[in-house]
Every structure is written in C-alpha cells, then in structure tokens.
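1. Pasting the sequence and the predicted coordinates here, then a few questions.
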Amino acid sequence: MLLTAGAVVLIGLTVSTVQRNFANHGFILQQAEIGIYKVSLGMSVLEEAMGKAFDENTIDTDVSSVNSLTSTLGKESGEGYPDFDDFDDYNNYSTSLGIEGVDSLRVRCSVVYVNPSSPDGSSSSRTWHKKITVKVWGTVQPDTLTFTHVFSYWSFR
C-alpha cells in the first residue's frame with residue numbers, strides 16, 4: 001500500500017512538472033512570435049519609407065542647394081498614408097496593428113535632418129541627410145524595438 005501511494009505521488013509530480021514545462025514553452029513561443037511581428041512591422045515601415053523620394057522637392061527634379069529642400073518635415077497638406085510620396089512624410093506617422101490572439105502593436109515614426117559627422121543626433125538646419133526612427137511596441141510585450149536609417153540625397157550630373 002505504501003509503495004502504491006509513493007508511485008501515485010511520483011506520477012503526480014511528474015505530470016505537474018511536464019505541464020509546467022509545456023506552459024513555459026507556450027509562453028516562450030508567444031514571446032518569440034510577438035518579437036517576429038515587431039521586427040517585421042518595423043522593417044516594413046522602414047523599407048517602405050526608403051522606397052520614396054528623398055524630399056518633396058526632389059520628386060520630379062534635381063536640387064543643387066540644401067536651401068531647396070523642404071524646411072518642414074512631415075506630410076504635405078492633403079497627403080495621408082498610404083499615399084506618402086517622399087521620405088519625410090513619415091515624420092510623426094503612427095499606427096496600430098492588432099494581431100488576433102497575439103498582441104496589439106503600435107508604430108511611431110520620426111524623421112530629422114542629420115549631420116553626417118554626428119548621425120546619432122539631429123541637425124537644426126537642412127542637410128543632404130535625413131534619419132528615420134521607427135519605434136514598435138506592444139501591450140503583451142511592452143518593450144520597444146527601435147529601427148533607424150539615414151537616407152542621403154545624391155545628384156549625379
């Protein structure tokens with residue numbers, strides 16, 4: 001009788017341990033899935049912005065002076081996503097994406113002019129270089145992923 005009781009306790013402990021491991025495994029898989037969604041979303045926005053013209057004033061013509069570039073970064077009057085036509089239209093762009101059963105993700109973008117000698121900062125004047133920062137975070141996994149890219153204007157004459 002004592003041997004049977006010991007066996008039942010041992011089986012109970014084994015089943016409990018296996019269930020706990022499965023639960024931890026499921027949580028780890030969910031966190032990995034959310035991370036993949038965050039990276040995919042951030043990179044998609046970054047690549048989409050990089051596919052646009054450098055500046056509103058460089059869409060149809062070349063410019064030879066930084067003073068010919070847009071002084072105010074952001075979308076122009078009447079423009080809205082997904083019809084952005086230049087890189088800096090993504091300044092102050094934000095959106096959210098609900099992934100059913102997984103998480104609700106938020107995206108926020110900012111675009112600044114940068115000096116090539118200090119690309120981590122921003123420039124108060126126009127330059128041939130703009131930097132986009134895309135931040136992605138969620139509700140289940142609130143840590144923020146940050147993606148940055150410097151886009152430069154080159155004119156070949």
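-> Looks like it came in fine. Note that the structure is a prediction, hence the values are computed from the model and not measured.
2. these two touch, right, residue 127 and residue 113?
-> Yes - judged on Cβ atoms under 8 Å, residue 127 makes contact with residue 113 at a distance of 4.8 Å. From N, CA and C alone the C-beta is placed, and that goes for glycine too.
3. of these two, who's got more company?
-> The neighbour comparison of residue 127 against residue 113 (other Cβ atoms under 10 Å) goes to residue 113, with 20 against 17.
4. got a list of what the residue nearest to the more buried one when sequence neighbours are not counted touches?
-> Excluding its sequence neighbours, the residue lying closest to residue 113 (Cβ to Cβ, 6 or more residues apart in numbering) is residue 123, at 4.4 Å. With contacts defined as Cβ atoms under 8 Å, 6 or more residues apart in numbering, the neighbours of residue 123 are 112, 113, 114, 115.
5. quick one: residue 123 and residue 1, what's the gap?
-> Residue 123 is 83 Å from residue 1, where distance means Cβ to Cβ, to the nearest Å.
6. what about residue 153, how many neighbours?
-> 17.
7. cool, residue 88 as well?
-> 28.
8. Confirm that it lies within a helix, as I assumed.
-> Yes - under DSSP: H, G, I helix; E, B strand; the rest coil, residue 88 falls within a helix.
9. What distance do you get for it to residue 53?
-> For residue 88, the distance to residue 53 equals 10 Å [Cβ to Cβ].
10. do you know how far residue 47 is from residue 73?
-> Counting by Cβ to Cβ, the gap from residue 47 to residue 73 is 19 Å.
11. Perfect, I'm done here.
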